[in-house]
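> quick one, fold the following:
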Amino acid sequence: MGEAPKVSRKERKSFVGVVESDKMQKTRVISVARRVRHPFYDKVITKHSKFYVHDEGNESHLGDLVEIVSARPMSRLKRWRLVRVVQKAK
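Next comes the predicted model:
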């Protein structure tokens with residue numbers, strides 16, 4: 001019998017956002033902004049989404065720009081993982 005063909009995993013979703021809260025241990029709240037055009041008024045609007053992110057080493061802090069990727073569910077709200085700190089806060 002031959003080997004089964006390799007099935008690649010789906011690409012994980014990734015976003016870049018700003019740390020809004022670092023008050024929890026190993027968890028950060030990240031705000032991701034996206035620009036969308038209003039369907040009727042045709043005006044560009046900035047919408048924000050909040051993500052609870054797992055930060056194993058407590059590397060990020062308030063105001064940092066970070067990159068996150070989707071991950072397996074780690075708790076009721078945490079479904080994202082911190083990849084790297086893109087830019088430290090001033």
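> what's the neighbour count on residue 54?
Per other C-beta atoms under 10 Å, the neighbour tally for residue 54 reads 17. (C-beta placed from N, C-alpha, C; glycine too.)
> no, scratch that, I was asking about residue 73
8.
> that one contacts residue 79, correct?
Yes: contact status for residue 73 versus residue 79: in contact at 5.3 Å, counting by C-beta atoms under 8 Å.
> neighbouring contacts of the helix or strand hosting residue 46?
Using DSSP states H and E, residue 46 sits within strand 44-54. With C-beta atoms under 8 Å, 6 or more residues apart in numbering as the test, strand 44-54 has contacts from 15, 17, 20, 26-38, 66, 68, 71, 74-75, 77-82.
> let's see that with 10 Å instead.
The contact list for strand 44-54 (C-beta atoms under 10 Å, 6 or more residues apart in numbering) reads 15, 17-21, 24, 26-38, 60, 66, 68-72, 74-83.
> so after that strand, what's the next helix or strand?
strand 65-70.
> what mean pLDDT would you report for that next one?
For strand 65-70, mean pLDDT is 97.
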